[in-house]
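>>> Okay, here's the prediction I keep looking at, along with the sequence it came from:
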Amino acid sequence: SQQGEEDPQALSIQEGENATMNCSYKTSINNLQWYRQNSGRGLVHLILIRSNEREKHSGRLRVTLDTSKKSSSLLITASRAADTASYFCATVLGGANSKLTFGKGITLSVRP
Amino acid sequence: GAVVSQHPSRVICKSGTSVKIECRSLDFQATTMFWYRQFPKQSLMLMATSNEGSKATYEQGVEKDKFLINHASLTLSTLTVTSAHPEDSSFYICSARPPETGGPEAFFGQGTRLTVV
């Protein structure tokens, strides 16, 4: 069963703008991860935030986590056409070999 | 990062035949691998967790006799879709994590587009 629910489901922005994607989940988690998927390809890990963290940065990515609201957001700053892809949040409930439970995904289109 | 390779990337088969998909961890050993299925414009649904040297753990609703998983070595897991039907057409993706010291993020294969005709 799916754990995360992202919104919006689709987002279209102009190159250079910022893109904000939100994810909500239902249960307690160990960590939350964001992945990117180009059309017809596998997933690429972007960033991970642990349950005891509130914000992390990696390059143009900023992720926040609010465990009281069971929600996370991914911000991509200064978007580029190459950022066009589907983005998924995924939650991990347990230890290292625990499964990932994915949200429905957000389709981001960045117009040149 | 770690590399997971999946083969083939695309396969077309006739109804009633079986298809084998391979998932290899190229630069690390994986005692556990995960198999997902993805329908167009939808999320990934976990099918099963493949465990090296033991039986796979299937998610509820996944037919283990139809989707055979073999994890015979620390670098290879295979998914065999048996007696394939058109409704089995989908995108299948595997993932693995390097050993515990490597962190909880998963690395994915490129995916296999299965079309059953």
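Okay, I see it. Quick caveat, the model's predicted, so the values are computed rather than measured. Numbers count the residues shown, from 1 in each chain, chains lettered A, B, ... in the order given.

>>> burial count for the residue of chain A found nearest chain B?
Closest residue of chain A to chain B, C-beta to the nearest C-beta: A:Gly42 (3.8 Å). To be clear about C-beta, it is placed using only N, CA and C from the backbone, and glycine gets the same treatment. As a burial measure, A:Gly42 scores 23 neighbours (other C-beta atoms under 10 Å in any protein chain shown).

>>> Next, count neighbours for the residue lying closest to it once chain neighbours are set aside.
In space, and not counting its chain neighbours, A:Gly42 is closest to B:Phe108: 3.8 Å by C-beta to C-beta, 6 or more residues apart in numbering or on different chains. B:Phe108 has 22 neighbours, counted by other C-beta under 10 Å.

>>> And B:Ser5, by the same measure?
So B:Ser5, with other C-beta under 10 Å, has 16 neighbours.

>>> right, and it touches B:Gly109 too?
Yes - using C-beta atoms under 8 Å, B:Ser5 is in contact with B:Gly109, at 6.1 Å.

>>> which residues do these two both contact?
B:Cys23 (C-beta atoms under 8 Å, 6 or more residues apart in numbering or on different chains).

>>> I'd like the distance between B:Leu68 and B:Lys20.
Per C-beta to C-beta, to the nearest Å, B:Leu68 is found 9 Å from B:Lys20.

>>> joint contacts of those two?
Common neighbours of B:Leu68 and B:Lys20 are listed as B:Leu79, B:Thr80 (criterion: C-beta under 8 Å, 6+ apart).

>>> What does the pLDDT read for the residue located most distally from the centre of chain A?
What lies farthest from the middle of chain A is A:Pro112; by C-alpha atoms, centre = their mean that is 22.3 Å. The model reports A:Pro112 with a pLDDT of 92.

>>> which non-adjacent residue is nearest it?
A:Ala81 (4.7 Å).

>>> Count residues in the vicinity of the one you found, would you?
Counted with other C-beta under 10 Å, A:Ala81 comes out at 11.

>>> Tell me who's in contact with it.
A:Glu15, A:Val110, A:Arg111, A:Pro112.

>>> touching chain B at all, the lowest-mean-pLDDT helix or strand in chain A?
Scoring the helices and strands of chain A by mean pLDDT, DSSP states H and E places strand A:5-7 at the bottom, with a mean of 74. No - residues of strand A:5-7 contacting chain B under C-beta under 8 Å from any C-beta of the partner chain: none, with a closest distance of 9.1 Å.

>>> which residues does the residue nearest to A:Gly42 bridge with?
Counting by DSSP bridges, B:Phe108 is bridged to B:Ser95.

>>> wait, what's in contact with it?
A:Tyr35, A:Gly42, A:Leu43, A:Val44, B:Val4, B:Ile93, B:Cys94, B:Ser95.

>>> pretty sure the second one contacts B:Thr112?
Put plainly, it is A:Gly42. No - look at A:Gly42 against B:Thr112 with C-beta under 8 Å: they stay out of range, at 9.8 Å.
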